[in-house]
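Undergrad: What follows is a predicted structure for the sequence shown.
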Amino acid sequence: MQPLTSATGQVVRDGSSAYASISVTPSETGVPDCVAGDLDVRTTGPDGTVVDILDTWYEVSGTRTYTRSASAYHPDGTRVHVSLSGPDPNTLPLETTDVANIAALPELALTAPVPPGTPAPRQDCSVYAASPAGTVDDIREDSLDAANAALTAAWESIPNAPRLSRPIGSLVPDGFSAGACTDADVVDTRIGLSVSVIGGQVLPSPVDPYDPATAYGPLPVTRTLPDGSVVQIEDSTIVDGLVSEDGATRLARSVSLTRPNGLQITARSTADVDPGLRTAPLALPEPLGFDILETLAQAPIAEWP
């Protein structure tokens, strides 16, 4: 399988917005033949980068969606594809020259050097919402900035906090709801950390240990804070940990705080048990402690989104 890096989001310009995506991958076949209908325009830049531009549309159940795209074939074998889509071709926020220029950026080539200080690529993260929580369009930039600042302050208050692969205040929209999330690894370990923030959640109730629905997996411990917020704590053991494709058992623990206004912050840490550990006594790795996770879950985020 070819490696692939991609990003999606909404592009807004002068009041017009559109769904946008960009992908970077090695080209398996190189520059394709120039075939009418597959492209509107082909250009070749001074460095030999070939860019194909196409404006087209498709229709589902009588509703048309218009797309504007550019595919760039860089001299080192990189293929960059940039695409916009929306209901009206006249309101797409980027012109064909814009998408072409983005696709042709030499910095996107696979062989381009990584700028110093660039954080590790983020892994896919998602936000679990027990209650409907809106869409990514509901997330305000100032709310995202405030939440990242609150998480950063909470992390800096932790004595001897471990070094992470990325700043903890790196929340990004999860792309499917009005939630945001981030993930990181503890440097030089197999310990992971993820944080999510979402609104519109109902205060959870204590779990009935005799409910058949809770017969499998660890039961959360629930407590209520003086301000009415509800904290739920979960911890897995080697017995009920998940097993990954490489045979490693993943231990996990989490702390989730739900405020009366519906804001929910969840901090979760994982630790992978080396599948090579087959004999006792096992020196099992530990996820980050509950004290660290609760500090993050109680970060001073006032509202969301």
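TA: Arrived safely.

Undergrad: low pLDDT regions in the stretch 101-250 of the chain?
TA: By pLDDT under 70, the low-scoring segments of the stretch 101-250 of the chain are 119-124, 213-217, 238-247.

Undergrad: mind listing the strands for it?
TA: Along the stretch 101-250 of the chain, the stretches classed as strands by DSSP state E, counting those that start in this stretch are 172-173, 180-185, 191-198, 221-224, 230-235, 242-243, 249-258.

Undergrad: partner strands of the first one, parallel or antiparallel?
TA: Yep, that's strand 172-173 we're talking about. In the sheet, strand 172-173 lines up against strand 180-185 (antiparallel) (DSSP bridges).

Undergrad: ok so, going back, what's the closest of the strands of the stretch 101-250 of the chain to Asp52?
TA: Closest approach to Asp52 among these (C-beta to C-beta): strand 172-173, 29.8 Å. Using the backbone N, CA and C atoms, a C-beta is placed for each residue, glycine as well.

Undergrad: ok, back up a step: export the strands of the stretch 101-250 of the chain to JSON lines and tack on mean neighbour count and distance to Pro113?
TA: As requested, the strands of the stretch 101-250 of the chain are arranged in JSON lines below (neighbours: other C-beta atoms under 10 Å; distance: least, C-beta to C-beta, whole Å):
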{"stretch": "strand 172-173", "mean neighbour count": "18", "distance to Pro113": "24"}
{"stretch": "strand 180-185", "mean neighbour count": "22", "distance to Pro113": "23"}
{"stretch": "strand 191-198", "mean neighbour count": "24", "distance to Pro113": "28"}
{"stretch": "strand 221-224", "mean neighbour count": "12", "distance to Pro113": "48"}
{"stretch": "strand 230-235", "mean neighbour count": "18", "distance to Pro113": "42"}
{"stretch": "strand 242-243", "mean neighbour count": "12", "distance to Pro113": "37"}
{"stretch": "strand 249-258", "mean neighbour count": "21", "distance to Pro113": "34"}
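
Undergrad: Go through those and name the closest to Asp14.
TA: strand 172-173 (21.8 Å).

Undergrad: Compare the strands of the stretch 101-250 of the chain and give me the one nearest Cys125.
TA: Ranking the strands of the stretch 101-250 of the chain by their distance to Cys125 (criterion: C-beta to C-beta) puts strand 180-185 first, at 4.0 Å.

Undergrad: what's the closest one in contact with?
TA: Contacts made with strand 180-185 from outside it, assessed by C-beta atoms under 8 Å, 6 or more residues apart in numbering, are listed as 120, 122-123, 125-127, 139, 144, 147, 164-174, 191-198.

Undergrad: one more time with 6 Å
TA: By C-beta atoms under 6 Å, 6 or more residues apart in numbering, the list of residues contacting strand 180-185 from outside reads 123, 125, 127, 164-166, 170-171, 173-174, 192-197.

Undergrad: Do a quick rundown of the helices in the stretch 151-300 of the chain.
TA: When assigned using DSSP state H, counting those that start in this stretch, the helices of the stretch 151-300 of the chain occupy the ranges 290-297.

Undergrad: Nearest residue to the residue most central in space within the chain in space, please, no chain neighbours.
TA: The chain has Cys125 as the residue nearest its centroid, 3.8 Å off, counting by C-alpha atoms, centre = their mean. Distance criterion C-beta to C-beta, 6 or more residues apart in numbering; nearest residue to Cys125, sequence neighbours excluded, is Cys181 at 4.0 Å.

Undergrad: on that earlier part again, with distance to Arg68 as new columns, can the strands of the stretch 101-250 of the chain be given to me in JSON lines?
TA: Below are the strands of the stretch 101-250 of the chain laid out as JSON lines (distance: least, C-beta to C-beta, whole Å):
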{"stretch": "strand 172-173", "distance to Arg68": "23"}
{"stretch": "strand 180-185", "distance to Arg68": "28"}
{"stretch": "strand 191-198", "distance to Arg68": "32"}
{"stretch": "strand 221-224", "distance to Arg68": "50"}
{"stretch": "strand 230-235", "distance to Arg68": "45"}
{"stretch": "strand 242-243", "distance to Arg68": "42"}
{"stretch": "strand 249-258", "distance to Arg68": "41"}
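
Undergrad: before we move on, back to that, what is the nearest of the contacts of strand 180-185 to Thr152?
TA: Of all the contacts of strand 180-185, Ser170 has the smallest distance to Thr152: 9.2 Å, by C-beta to C-beta.

Undergrad: measure the closest one to Asp142 for me?
TA: Distance of Ser170 to Asp142, computed by C-beta to C-beta, to the nearest Å: 17 Å.

Undergrad: Ok, Val24 next?
TA: Distance, Val24 to Asp142, by C-beta to C-beta: 30 Å.

Undergrad: Looking at these two now, which is surrounded by more residues?
TA: A count of neighbours by other C-beta atoms under 10 Å puts Val24 above the other of Val24 and Asp142, at 20 against 8.

Undergrad: and the end-to-end length of stretch 177-194?
TA: For stretch 177-194, the separation between the terminal residues is 17 Å (C-alpha to C-alpha, to the nearest Å).
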